[in-house]
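K.L.:
Here's a sequence, model it:
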Amino acid sequence: MEIEKKVRELIEPIITQNNFLLDQVVYEKEGNIQFLRIIIDKNGIVDVDDCVTVTNLINPLLDEKDLITENYILDVCSKEKGCE
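P.N.:
Residues are numbered from 1 along each chain as shown. So this is what the prediction gives:
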């Protein structure tokens, strides 16, 4: 999907600069809600604090570029545990 590619190109540099790996970008609808799922990894275990850190890094970029015009929920999660 084009949105996923554009989001990846936008956020991958800052994620990598902060010692995380961007595993996957998934934009999908569950029921009536759109989710932008950013699945991250790193050398070691990804914990909740890491997900919060990445959320805080990418949120301003996503807001500034406004690649997705409809409402969505940003869900940053780990490769090991998956998204909920």
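K.L.:
So which residues of the chain form strands?
P.N.:
Ranges of strands in the chain, per DSSP state E, are 21-30, 33-41, 73-78.
K.L.:
okay if I get these as CSV plus mean pLDDT and mean neighbour count?
P.N.:
Heads up, the C-betas are built off the backbone N, CA and C, glycines and all. Output for these, formatted as CSV (pLDDT from 0 to 100; neighbours: other Cβ atoms under 10 Å):
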stretch, mean pLDDT, mean neighbour count
strand 21-30, 96, 14
strand 33-41, 97, 18
strand 73-78, 95, 18
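K.L.:
looking at these, which is closest to residue 49?
P.N.:
Between residue 49 and these, the shortest separation by Cβ to Cβ is 11.3 Å, and it involves strand 73-78.
K.L.:
Give me the contact list for the closest one.
P.N.:
By Cβ atoms under 8 Å, 6 or more residues apart in numbering, the surrounding residues in contact with strand 73-78 are 33-41, 45-47, 50-52, 54-55, 58-59, 62, 83-84.
K.L.:
Quick check: residue 43 vs residue 28, distance?
P.N.:
Going from residue 43 to residue 28 by Cβ to Cβ, to the nearest Å gives 28 Å.
K.L.:
now residue 78
P.N.:
Using Cβ to Cβ, which is the criterion applied here, residue 78 is 18 Å from residue 28.
K.L.:
circling back: mind putting the strands of the chain into a markdown table with distance to residue 9?
P.N.:
A markdown table is the format used below for the strands of the chain (distance: least, Cβ to Cβ, whole Å):
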| stretch | distance to residue 9 |
| --- | --- |
| strand 21-30 | 10 |
| strand 33-41 | 13 |
| strand 73-78 | 17 |
